[in-house]
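**Student:** structure here, sequence nowhere to be found:
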Ligand SMILES: N[C@@H](CCC[C@H](N)C(=O)O)C(=O)O
């Protein structure tokens with residue numbers, strides 16, 4: 001069987017031989033878990049369908065989505081990310097750290113500064129390596145795009161005020177006094193599909209603890225509640241700064257762990273630092 005893949009994965013015609021057994025690695029970044037496939041060895045013709053099938057917790061591998069690691073003409077590697085509902089996203093912070101660990105530890109590169117082509121531009125990864133293992137990755141996430149700072153909207157009979165931020169993908173950050181009172185599984189889908197967001201959105205609820213610490217919970221577009229979101233952590237940190245709630249360096253505390261986010265004054269770029277963890281390797285039949 002032959003497949004054809006593209007720049008945005010599906011149209012770049014290459015005519016590569018398809019395989020029936022696919023080797024994958026399950027990895028997580030602060031609990032945000034994806035299935036990683038090296039498409040230079042295992043090209044996939046239908047990643048949207050496979051993301052749905054393989055992400056299913058009981059009948060598949062179980063994950064927040066599928067991430068494809070591929071070659072690039074303009075960077076060291078490329079990343080394509082599919083949410084658990086099969087939709088393709090422009091960017092994923094947690095996956096970009098995991099790709100840094102994957103390509104280094106699998107010997108695909110010896111570089112500790114790696115460039116990654118994504119649908120939202122080229123990101124630079126800085127690896128911290130100890131005894132041949134990648135312990136931390138800092139990603140230059142680029143400049144945020146700041147939308148409405150105090151967007152008023154109604155959902156489920158309640159009024160919300162949120163800050164609209166793009167980190168290459170869309171986010172709505174809502175600050176609350178007490179995050180324990182947020183019923184995320186109820187309000188998440190209503191805000192994700194709110195008519196103000198024709199392309200849907202990721203939603204972060206955030207409670208400021210101190211100027212350097214923010215507790216955040218996320219409802220991800222296309223995947224629902226996840227334990228963490230890298231782009232969401234960056235969006236939350238930026239939203240806190242533009243709302244005068246925090247300094248330029250914050251720890252974003254999520255259900256799955258903590259990410260350190262720094263919004264640099266001079267470059268205007270956001271830097272995200274955190275772990276990347278390998279869970280297991282596996283083989284699955286197509
Ligand atoms: N978990 C990710 C973001 C994944 C994509 C997102 N759900 C979208 O549709 O934009 C992260 O760590 O950034």
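**Tutor:** On my side now, so go ahead. All of these numbers come straight from a predicted model, not from anything done at the bench.
**Student:** tell me the buried residues in the helix or strand where residue 236 lies?
**Tutor:** Assessed by DSSP states H and E, residue 236 sits inside helix 230-242. Going by neighbour count (16 or more other C-beta atoms under 10 Å), the buried part of helix 230-242 is 230-241. Heads up, the C-betas are built off the backbone N, CA and C, glycines and all.
**Student:** swap in stretch 168-188?
**Tutor:** In stretch 168-188, counting by 16+ other C-beta under 10 Å, buried: 168-175, 179, 182, 184, 187-188.
**Student:** what average pLDDT does the very next helix or strand once past the helix holding residue 236 get?
**Tutor:** As assigned by DSSP H and E, the chain's next helix or strand after helix 230-242 is strand 249-254. Strand 249-254 shows a mean pLDDT of 98.
**Student:** which strands and helices sit next to strand 249-254?
**Tutor:** strand 213-220, helix 230-242, strand 257-263 (3 or more C-beta pairs under 8 Å, 6 or more residues apart in numbering; DSSP states H and E).
**Student:** how about CSV for the ones you listed, with mean pLDDT added?
**Tutor:** Conversion of the helices and strands packed on strand 249-254 to CSV gives the following (pLDDT from 0 to 100):
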stretch, mean pLDDT
strand 213-220, 98
helix 230-242, 98
strand 257-263, 98
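**Student:** nearest to residue 203, of the ones you listed?
**Tutor:** Relative to residue 203, the nearest member of the helices and strands packed on strand 249-254 by C-beta to C-beta is strand 213-220, separated by 4.5 Å.
**Student:** elements contacting that closest one?
**Tutor:** Against strand 213-220 (3+ C-beta pairs under 8 Å, 6+ apart) you get helix 184-192, strand 202-210, strand 224-226, helix 230-242, strand 249-254.
**Student:** do you know which of the ones you listed lies nearest residue 51?
**Tutor:** Using C-beta to C-beta, those put strand 224-226 closest to residue 51, at 13.6 Å.
**Student:** strand partners (parallel or antiparallel) of that closest one?
**Tutor:** In the sheet, strand 224-226 lines up against strand 213-220 (antiparallel) (DSSP bridges).
**Student:** for the partner strand, list every residue counted as buried.
**Tutor:** 214-220.
**Student:** can I get the helices and strands packed on strand 249-254 in TSV including distance to the ligand?
**Tutor:** Shown next, in TSV, are those (distance: least, C-beta to the nearest ligand atom, whole Å):
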stretch	distance to the ligand
strand 213-220	4
helix 230-242	3
strand 257-263	9
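**Student:** gap between the spatially most central residue of the chain and residue 250?
**Tutor:** The centroid of the chain falls nearest to residue 92 when counting by C-alpha atoms, centre = their mean (2.4 Å). Look at residue 92 and residue 250: by C-beta to C-beta, to the nearest Å, they are 20 Å apart.
**Student:** one more: residue 67?
**Tutor:** Residue 67 is 26 Å from residue 250, by C-beta to C-beta.
**Student:** could you do residue 136 as well?
**Tutor:** For residue 136 relative to residue 250 (C-beta to C-beta), the value is 17 Å.
**Student:** quick one: which of those two has more around it?
**Tutor:** Neighbours were counted for residue 136 and for residue 250 using other C-beta atoms under 10 Å; residue 250 has more, 27 against 17.
**Student:** surely residue 191 touches residue 205?
**Tutor:** No: with contact defined as C-beta atoms under 8 Å, residue 191 and residue 205 do not form a contacting pair (9.6 Å).
**Student:** so residue 96 belongs to a strand, correct?
**Tutor:** No: read with DSSP: H, G, I helix; E, B strand; the rest coil, residue 96 is helix and lies in no strand.
**Student:** let's see the pLDDT reported for it.
**Tutor:** 98.
**Student:** that one touches residue 138, doesn't it?
**Tutor:** No: counting by C-beta under 8 Å, residue 96 stays clear of residue 138, with 10.4 Å between them.
**Student:** who touches both of the two?
**Tutor:** Shared contacts of residue 96 and residue 138, defined by C-beta atoms under 8 Å, 6 or more residues apart in numbering, are found at residue 125.
**Student:** in terms of neighbours, single out the busier of those two.
**Tutor:** Ranked by neighbour count (other C-beta under 10 Å), residue 96 and residue 138 place residue 96 first, with 27 against 19.
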